[in-house]
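Asks: From the sequence below, what's the structure:
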Amino acid sequence: MKVDVLPIGLYEENSYVLHDHGHVLFIDPGRYAKKIAACVSEKETVDGIILTHGHEDHTGAADDLADLYGCPVYMSLNDLILVDPKNPLRAGYDAPVYHEINDLKGDMTIGSFRISVIETPGHTAGSVCIRFRSLLFTGDTLFASDIGRTDLFSGDERQMMESLKKFRDLPHDLRVLPGHGPASTIGRELMNNPYLVMIG
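Replies: Residues are numbered from 1 along each chain as shown. Here you go, the predicted structure:
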C-alpha cells in the first residue's frame, strides 16, 4: 500500500492517490488531472474516484479523471446539490460534476478496495470520512489540531460537534489524512485538537 499526497490548487487541497496491489483510488482530486494521473503507472488499474464532499477544491479534476480512466465517481448523495449540473443556484465553493455520482455509504467495496464510510456532516451535509485499513481520509471534517468551517452552505456547527464524537471510538494509531495541511493520528488529535478535547 502506498499513498501519494499532492497539495494542489488555490487552497492547497490534498489530493490523494491510493495504491494497493496494482489498483488505485483517487480521493478528492481537486485540480490538475494530468498531475494526478502522472502518479499512476501503466500497469495499474484505477478502480474509482472518491469525493469526501462537494466543494470544488475537492472535486475539480473528477470529470477529467473519470474520462481518462473510465472509472466511477462516488460521493454522499447528501451533497449532490453541490455538484448537480442542473442546479442553477451555485452556493459558493461548489462546481458541477458531470459524471454520474454513485452513493458513498456504509461498508462498501470499490474495485479491490474494501472501505468504511463514516458519515460526518458539519462542514457540509454530505461530508464523510473514508477508512481504508490503517488510513482515515477526513476531507474537511478533521485537520491536524483543527476542524473544518461550518459557516458555508449546508454547514452546521451542531452536526459537526456530533460528528467529532465519532472519532473517540477509533483506534488511536489510525493515520489521519486531511483535506488540507499535514497528516496526524487519531490519538494525537484526541490529545491535542482543542475541538476534540472540548467534547471529551
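
Asks: Then Leu196 would be within a strand, right?
Replies: No - according to DSSP: H, G, I helix; E, B strand; the rest coil, Leu196 belongs to no strand; its state is helix.

Asks: Count the residues that sit near it.
Replies: 20 (other CB atoms under 10 Å). (Glycine included, C-beta is placed from N, CA and C.)

Asks: Next up, the contacts around it.
Replies: Going by CB atoms under 8 Å, 6 or more residues apart in numbering, Leu196 touches Leu164, Phe167, Arg168, Glu189, Leu190.

Asks: Repeat the analysis, applying 6 Å as the threshold.
Replies: Contacts were defined as CB atoms under 6 Å, 6 or more residues apart in numbering; by that measure Leu196 touches Leu164, Glu189, Leu190.

Asks: gap between it and His172?
Replies: As judged by CB to CB, to the nearest Å, Leu196 and His172 stand 12 Å apart.

Asks: The residue nearest the centre of the chain: what secondary structure?
Replies: Centroid check for the chain by CA atoms, centre = their mean gives Thr52 as the closest residue, at 2.9 Å. Here Thr52 is recorded as coil under three-state DSSP.

Asks: Using CSV, lay out the contacts of Leu196 together with pLDDT and distance to Tyr16.
Replies: Output for those, formatted as CSV (pLDDT from 0 to 100; distance: CB to CB, whole Å):
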residue, pLDDT, distance to Tyr16
Leu164, 98, 22
Glu189, 98, 18
Leu190, 97, 23
